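> Provide a 3D model corresponding to the input given below.
(2 chains)
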Protein chains: 2
Amino acid sequence: MTTSDTVTGDAGPAVREELARLRDSIDNIDAAVVHMLAERFKCTQQVGRLKAEHQLPPADPDREARQIARLRALAENAKLDPAFAEKFLNFIIAEVIHHHERIAEDTAGGATPSANRATTSSPGE
Amino acid sequence: MTTSDTVTGDAGPAVREELARLRDSIDNIDAAVVHMLAERFKCTQQVGRLKAEHQLPPADPDREARQIARLRALAENAKLDPAFAEKFLNFIIAEVIHHHERIAEDTAGGATPSANRATTSSPGE
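Take a look at the predicted model:
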C-alpha cells in the first residue's frame, strides 16, 4: 500500500491502468454471459414448443434435480459457492417463467391452447 | 402435432432425441456461464484488493450506470428483455456482496481494517 494515495482516488496511472484492465475483463465476461443466456432462452423456447406439440409433461422433476446437482458440482470445481449455482438456476428459471407469462399475456385471446402451452412449459429445462 | 402421443410422454425416439439435443445445449451453456462467473468473481476480488490498497472509493456510481446502460443495450441486440440485463447485474452484485460478507465474517478478529475493506468493496465493478 502506498501512503501517498488519497481517498479521492489519486492512485497513479499504473493503478488506474490495472483497474481499467480488470473492468474490461468484467465487461467482456458480462457481454459473453448475456449472449449465452440469450442462446439458452432460445433452447428453452424450443423445448417448450416440442413438449407442447407432443403432449410431453411440462415439468420434469428428475431432470431439474440432475441440473441442480450438476451445477453445484461445477461451481465447487470452479471454486464458487455451490449454493450460488442453485441460486443461479433459480434466477434463470424465474426469468423464463416471466418471459412465458408475458408471451401468454400478449397472445391471450388469439392463441390456441396448444400455443399457450408451448410458451408456458419447461421453464428450467 | 401427432395425436398418437400421450400425456405420459410417449413421443417417439425422434422427439426424445431432439429433446436430448436441446438439453445438452442447455447444460453446455450453463456450464460455460458458471465458469465465466467464476472468472468474473476473480476479477471483482482483484478490483476490491486494488482499491483497498490504494484507498480508492469502493463504490463508483458512474461506472455502475455505464454498466447497466451497456448491458441493457447488449440484451436488446440479443433479443432479450433489457430489464433482464439489469436484473442479471443486480443478481451478480448481490452474490458478490454475499461473498464479501462471508469473507468478512471468516476473517473477523484476525483481519486488518485494510484487508476487510479489500473484501467488502467493489461489488458490481
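> what about residue A:17, distance to residue A:85?
Relative to residue A:85, residue A:17 is positioned 34 Å away (CB to CB, to the nearest Å). Backbone N, C-alpha and C define where each C-beta goes, glycine included.
> more neighbours: those two, which one.
Set residue A:17 next to residue A:85 and count neighbours by other CB atoms under 10 Å in any protein chain shown: residue A:85 wins out with 25 against 10.
> need the contact list for that one.
Contacts for residue A:85 (CB atoms under 8 Å, 6 or more residues apart in numbering or on different chains) come out as A:68, A:71-72, A:74-75, B:34.
> what's the answer for residue A:27, then?
Counting by CB under 8 Å, 6+ apart, residue A:27 touches B:67, B:70.
> just the pLDDT at it, thanks.
Each residue has a pLDDT score; the one for residue A:27 is 97.
> mind telling me what element it is part of?
helix A:13-53 (DSSP states H and E).
> now that helix: how far from the chain's centre is it?
8 Å (CA atoms, centre = their mean, to the nearest Å).
> okay, the angle between that helix and helix B:13-53?
Here helix A:13-53 runs at an angle of 160 degrees relative to helix B:13-53 (axes from the mean of the first three to the mean of the last three CA atoms, to 10 degrees).
> following the chain past helix A:13-53, name the next helix or strand.
The C-terminal neighbour of helix A:13-53 among helices and strands, as given by DSSP H and E, is helix A:61-77.
> contact partners of that next one?
A:81-86, A:88-89, A:124-125, B:23, B:27, B:30-31, B:34-35, B:38.
> which parts of that helix are buried?
A:67-68, A:70-72, A:74-75 (16 or more other CB atoms under 10 Å in any protein chain shown).
> ok, the residue positioned nearest the centre of chain A to chain B distance?
Central residue of chain A (CA atoms, centre = their mean): residue A:92, 4.2 Å from the mean position. Look at residue A:92 and chain B: by CB to the nearest CB, to the nearest Å, they are 8 Å apart.
> same question for residue A:62.
Distance of residue A:62 to chain B, given as CB to the nearest CB: 12 Å.
> just how off-centre is stretch A:59-68 within its chain?
16 Å.
> can I get it as CSV, trimmed to CA atoms?
Provided in CSV are the C-alpha atoms of stretch A:59-68 (Å, rounded to 0.1, in the frame of the first residue of the first chain):
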residue,chain,number,x,y,z
ALA,A,59,-42.3,-30.2,-15.7
ASP,A,60,-39.6,-32.9,-15.2
PRO,A,61,-38.5,-33.0,-11.5
ASP,A,62,-35.8,-35.7,-12.2
ARG,A,63,-34.2,-33.5,-14.9
GLU,A,64,-34.3,-30.5,-12.6
ALA,A,65,-32.7,-32.4,-9.7
ARG,A,66,-29.9,-33.6,-12.0
GLN,A,67,-29.4,-30.0,-13.3
ILE,A,68,-29.1,-28.7,-9.7
